[in-house]
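# Predicted model and sequence follow; I will ask about them next.
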Amino acid sequence: MTKKFVALARVSSREQEREGFSLDVQVDALRAYAVRNGGEIVKLWRIAETESKADERTTFKEMIRYVRARAGELAGILFYKIDRAARNLPDHVKLEELETKHNVPFISISQPTENTPAGRMMRRTLANMAAFFTEQQSLDVRAGQARRVESGLFMGKAPFGYRNVRVEKRGLVEIHSENGPKVKRIFHLYAFH
């Protein structure tokens with residue numbers, strides 16, 4: 001009898017894609033693992049960095065519901081790496097609950113661990129490191145954004161009348177040659193006419 005697996009592939013940045021964690025690389029590795037272990041992937045979820053956090057949470061919750069409903073049929077949940085499985089510790093706990101309460105193994109194909117106290121400790125350590133990295137990265141991004149604002153620089157896409165430019169690998173904003181004078185004229189008309 002062929003084993004049935006479910007799988008989740010996730011990338012959260014273009015940098016991860018460049019480092020070889022692209023969705024296609026993950027999906028190929030997940031499928032190969034399932035075949036090597038006498039099974040197939042019956043349901044696969046893909047989460048890309050273009051999804052909003054709400055979309056990502058919806059996909060994760062859908063996977064959890066699916067696994068709970070079919071726990072008796074499934075041989076495991078496949079992930080490429082521990083940090084691809086869950087973005088935070090509460091989500092990691094939900095995955096562990098599927099393993100302990102519903103007997104659906106949590107399988108990281110590139111960071112294998114056993115369902116033993118030592119294996120769970122290792123997974124929790126890796127999940128904790130991933131959660132720390134995500135939280136720290138969020139703080140660093142906010143600090144960088146605050147610094148840009150303090151320096152008088154725009155965040156994101158420049159408003160009408162300006163344009164985004166790259167100067168020595170830095171994102172800067174300059175007056176748009178065509179639309180800049182239009183903005184100046186609009187303010188002049190508003191102020192004096």
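Great, that's in hand.
# Same question for stretch 186-193: list its buried residues.
Neighbour-count burial for stretch 186-193, counted by 16 or more other CB atoms under 10 Å, picks out no residue. In short, each C-beta sits where N, CA and C put it, glycine included.
# Strands along the protein, start to end?
3-10, 39-47, 76-79, 106-108, 162-167, 170-175 (DSSP state E).
# which of those is buried the deepest?
strand 76-79 (a mean of 24; mean count of other CB atoms under 10 Å).
# Just checking: what are the partner strands of that one?
Within its sheet, strand 76-79 is paired with strand 3-10 (parallel), strand 106-108 (parallel), according to DSSP bridges.
# Those strands: lowest mean pLDDT?
When the strands paired with strand 76-79 are ranked by mean pLDDT, strand 106-108 comes last with a mean of 88.
# related to what we said a few turns ago, and the strands of the chain as JSON lines, adding distance to Val93?
Converted to JSON lines, the strands of the chain look like this (distance: least, CB to CB, whole Å):
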{"stretch": "strand 3-10", "distance to Val93": "16"}
{"stretch": "strand 39-47", "distance to Val93": "19"}
{"stretch": "strand 76-79", "distance to Val93": "14"}
{"stretch": "strand 106-108", "distance to Val93": "11"}
{"stretch": "strand 162-167", "distance to Val93": "42"}
{"stretch": "strand 170-175", "distance to Val93": "38"}
